[in-house]
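Colleague: whatever this is, show me its structure:
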Amino acid sequence: MPLTNKTRHGVKSMEIGLSILDVLIDQKEPMKLKDIAAAMQMHPAKIHRYLVSLIIKGYAEQLDDGSYTLGNRVDALRQAGLDQNNVMEQLTKIATDIKNSLNCGVQIAKWFSEGPIVIKSVEPNTAISIITRVGSRMPLVTSATGKLLASYQPIDIVKPLVLAELQTTQPPMASALFDDEELKKDKAEVATQWRQFADALAEIREQGYSYATGDMMRGINAFSIPIDMQPSRNDKDSIVVAMNQRLGHSITVIGTAEQLPFSKKQKIINNMLAISKRYKML
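Modeller: Numbers count the residues shown, from 1 in each chain. Modelled structure (predicted):
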């Protein structure tokens, strides 16, 4: 949910530091302390403290003549933005080629802290079109996208998300008289489903794709392949993987069982993989 002006409560010191950075960016050339202070309408001594912090973090640099300019981290941010735009452009080309080849909707998704999120959908030029809205969180257990992206995450990140998902799909208890007994059955069923899901993750990653045949929507099939994935080596990599900007994406084709028959699973997957290999990701 986007924040409104009434609900925004930022960190004032951070806002000031970023505003100083904005001044250096807009000026496009080194600035003296007094000029930065004038632009910010603040005392030079206070501006100096912020500049010291920016220099320590690499976002600003003090030159031999005492003036201040942008640091190397700003260049790194600029390059990261260019890289991200190029990656998205390449992903869109792959998705479009797959859409044209299979005449079905295609979605691009990425793993975020809350799970797999659709970041782009490519709609086919056909009467029957099945696409997913951008920003949608895909279920882990029943979607091809969710299963594929989950298979590349550390198990300690995936487990709580899957358990929460499984618990919400359990039917309500029939009677309050059997609460304890029903609760035990529900817990046992969730535990069994989790073990089955966890066992499937290694197989999905090893085979290099996932699929869902009517699991999420009856009569709808989906096949998903990884793009530039970097699996974690073990659970200790959780933080590293979560922070890794090159974790990778999934590309999933979605259509009716007639458009994407399960009997042609390997042909569909091979088609998708062949198309993805034509493009060089960053």
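
Colleague: ok, what's across the strand from residue 256?
Modeller: According to DSSP bridges, the partner residues bridging residue 256 are residue 220.

Colleague: in contact with it, which residues?
Modeller: Contact partners of residue 256, counting by CB atoms under 8 Å, 6 or more residues apart in numbering, are 128, 130, 219-221. Every residue, glycine included, has its C-beta placed from N, CA and C.

Colleague: looking at those, which one is closest to residue 67?
Modeller: Set against residue 67, the nearest of the contacts of residue 256 by CB to CB is residue 130 (58.0 Å).

Colleague: run a quick neighbour tally on the closest one.
Modeller: Other residues within reach of residue 130, judged by other CB atoms under 10 Å, total 21.

Colleague: filter the contacts of residue 256 down to the buried ones, PyMOL style.
Modeller: In PyMOL, this line selects whichever of these come out buried by 16 or more other CB atoms under 10 Å:
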select buried, resi 130+220+221
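
Colleague: out of the contacts of residue 256, who's nearest residue 118?
Modeller: Closest to residue 118, out of all of the contacts of residue 256 and judged by CB to CB, is residue 130, at 12.7 Å.

Colleague: my guess is the closest one meets residue 253, correct?
Modeller: No: judged on CB atoms under 8 Å, residue 130 makes no contact with residue 253 at a distance of 9.8 Å.

Colleague: any shared contact partners between these two?
Modeller: Any residue near both residue 130 and residue 253 by CB under 8 Å, 6+ apart counts here, and that gives 104-105.

Colleague: quick one: low-confidence parts of this structure?
Modeller: The chain contains residues with pLDDT under 70 at 1-10, 76, 78-85, 126-129, 169-186, 215-216, 229-247, 280-282.

Colleague: about what we covered before: return the member of the contacts of residue 256 nearest to residue 16.
Modeller: residue 130 (48.5 Å).

Colleague: the closest one in helix, strand or coil?
Modeller: coil (DSSP: H, G, I helix; E, B strand; the rest coil).

Colleague: same question for residue 142.
Modeller: coil.

Colleague: adjust the sequence numbering to begin at 30 for everything that follows.
Modeller: Sure thing, new numbering starts at 30, so read that last one as residue 171.

Colleague: next up, phi/psi of it, please.
Modeller: phi -110, psi -10 (degrees, to the nearest 10).

Colleague: I figured it was touching residue 239, is that so?
Modeller: No: contact criterion CB under 8 Å: residue 171 and residue 239 do not qualify, at 11.2 Å.

Colleague: what is the end-to-end distance of stretch 172-184?
Modeller: End-to-end distance for stretch 172-184, by CA to CA, to the nearest Å: 18 Å.

Colleague: for stretch 131-151, that is, sorry about that
Modeller: Its start and end residues considered, stretch 131-151 measures 12 Å (CA to CA).

Colleague: on that earlier part again, the more surrounded of residue 171 and residue 239?
Modeller: Using other CB under 10 Å as the criterion, residue 171 and residue 239 rank with residue 239 on top: 27 against 16.
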